[in-house]
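S.K.: need a 3D model of the sequence below.
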Amino acid sequence: MPSHEPLKAGHYDIRSNSPGGNISTITQYLEVVDIEIGTISITDEPCITRVYSGKESARTEKFRNEVRERDGKCVISGTVNTGAYRDFWWGFEVAHIFPLSEGQLFVDSGLHCWITNREGESDSGINSCQNGLLMQSSIHQGFDSFCFAINPDDNYKIVSFDDDPFNVDGRILDPICRAPNSGRSVRDALLRWHFRQTVLANMRGTGEPGFELDFPPGTDMVGEILSGPAAAKRMEAELFLRLDGFSWQKGLSH
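M.R.: Residues are numbered from 1 along each chain as shown. The predicted model follows:
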């Protein structure tokens, strides 16, 4: 029987009874399985290491402003920013769907081709509003940490893969950011990529580790990262984020 209850730990036989169906991913205890027209195969595809991208720079100011103007609310919870009329955005942040720290992967995987409002050949489009969503700050952290994702192939349903303190599971991505005829709407291909990454992060093995995000002033941030999980991968991602895409932007001209 179909159910929204979490699957309990155990061993399961998985059978495809709808060849040609639209199922893209399914989980089997500690494995992620791909279903392709009636056949089942186990994938060894890893997920990326993602870090919280709430930090701003002059490079992303236009991106931030365009997403704020388009959405005006948290498109996950539906909470409206009542201070938008006076340009007061406390508690709201603009999230990259495809992370800024993985700019080279954005280009190499061809996902930049889905951005239709790029500014010239050297612009990958990763800072296009088509790759952004406005969220409440705490919800943004959950999105970046792969705690939940949006399934564009299931009426844009929000699926929680972890504890759900903000009750977003089962909600629908607000239509304000996905008007089909708008040149500023989010791209389904990017939402689909993030959804798959979230499945991989939570369903492969014991799941990917969670990262500490709160570093008060005076904290030894580097020390905490190095003593935490996946230290090398996280440090690399943090450095790429702070370099602001300098290295991978060069690759677009070659």
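S.K.: from here on, just use CA atoms for contacts and neighbour counts.
M.R.: Noted.
S.K.: quick one, phi/psi of residue 148?
M.R.: As for residue 148, its main-chain torsions (degrees, to the nearest 10) stand at phi -150, psi 160.
S.K.: dump stretch 156-169 to PDB, keeping only the CA atoms.
M.R.: Extracted in PDB, the C-alpha atoms of stretch 156-169 (Å, rounded to 0.1, in the frame of the first residue of the first chain):
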ATOM      1  CA  TYR A 156       6.800  20.700  -7.500                       C
ATOM      2  CA  LYS A 157       6.200  18.800  -4.200                       C
ATOM      3  CA  ILE A 158       8.700  19.500  -1.400                       C
ATOM      4  CA  VAL A 159      10.100  16.300   0.100                       C
ATOM      5  CA  SER A 160      11.800  16.200   3.500                       C
ATOM      6  CA  PHE A 161      14.600  13.700   3.900                       C
ATOM      7  CA  ASP A 162      15.400  14.500   7.500                       C
ATOM      8  CA  ASP A 163      13.600  16.000  10.600                       C
ATOM      9  CA  ASP A 164      11.100  18.600   9.400                       C
ATOM     10  CA  PRO A 165      11.000  21.300  12.100                       C
ATOM     11  CA  PHE A 166       9.400  23.900   9.700                       C
ATOM     12  CA  ASN A 167       6.700  21.500   8.300                       C
ATOM     13  CA  VAL A 168       7.700  21.900   4.700                       C
ATOM     14  CA  ASP A 169       7.300  18.200   3.700                       C
END
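S.K.: other residues contacting it?
M.R.: 76-77, 139, 146-151, 170-173, 198-199, 202 (Cα atoms under 8 Å, 6 or more residues apart in numbering).
S.K.: hmm, 10 Å instead?
M.R.: The contact list for stretch 156-169 (Cα atoms under 10 Å, 6 or more residues apart in numbering) reads 6, 76-78, 138-139, 142-143, 146-152, 170-175, 178, 188, 191-192, 195, 198-199, 201-203.
S.K.: what about the residues you listed, which are in helices?
M.R.: Among the contacts of stretch 156-169, the ones falling in helices (DSSP state H) are 138-139, 142-143, 188, 191-192, 195, 198-199, 201-203.
S.K.: filter the residues you listed down to the buried ones and hand me the ChimeraX line.
M.R.: Burial among the ones in helices among the contacts of stretch 156-169 is assessed by 16 or more other Cα atoms under 10 Å; the matching ChimeraX selection reads:
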select :139,142,143,188,191,192,195,198,199,201,202,203
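S.K.: from the ones in helices among the contacts of stretch 156-169, pick the one nearest residue 69.
M.R.: Comparing the ones in helices among the contacts of stretch 156-169 against residue 69 with Cα to Cα places residue 139 closest, at 19.1 Å.
S.K.: got the contact list for that closest one?
M.R.: 74, 76-77, 91-93, 95, 145, 147-148, 165-166, 168.
S.K.: including pLDDT and distance to residue 49, could these go into CSV?
M.R.: Below are the contacts of residue 139 laid out as CSV (pLDDT from 0 to 100; distance: Cα to Cα, whole Å):
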residue, pLDDT, distance to residue 49
74, 98, 25
76, 98, 23
77, 97, 25
91, 95, 25
92, 96, 24
93, 94, 21
95, 94, 16
145, 89, 9
147, 92, 13
148, 96, 15
165, 91, 23
166, 91, 24
168, 96, 23
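S.K.: ranking those residues by neighbours, who comes first?
M.R.: residue 95 (27 neighbours; other Cα atoms under 10 Å).
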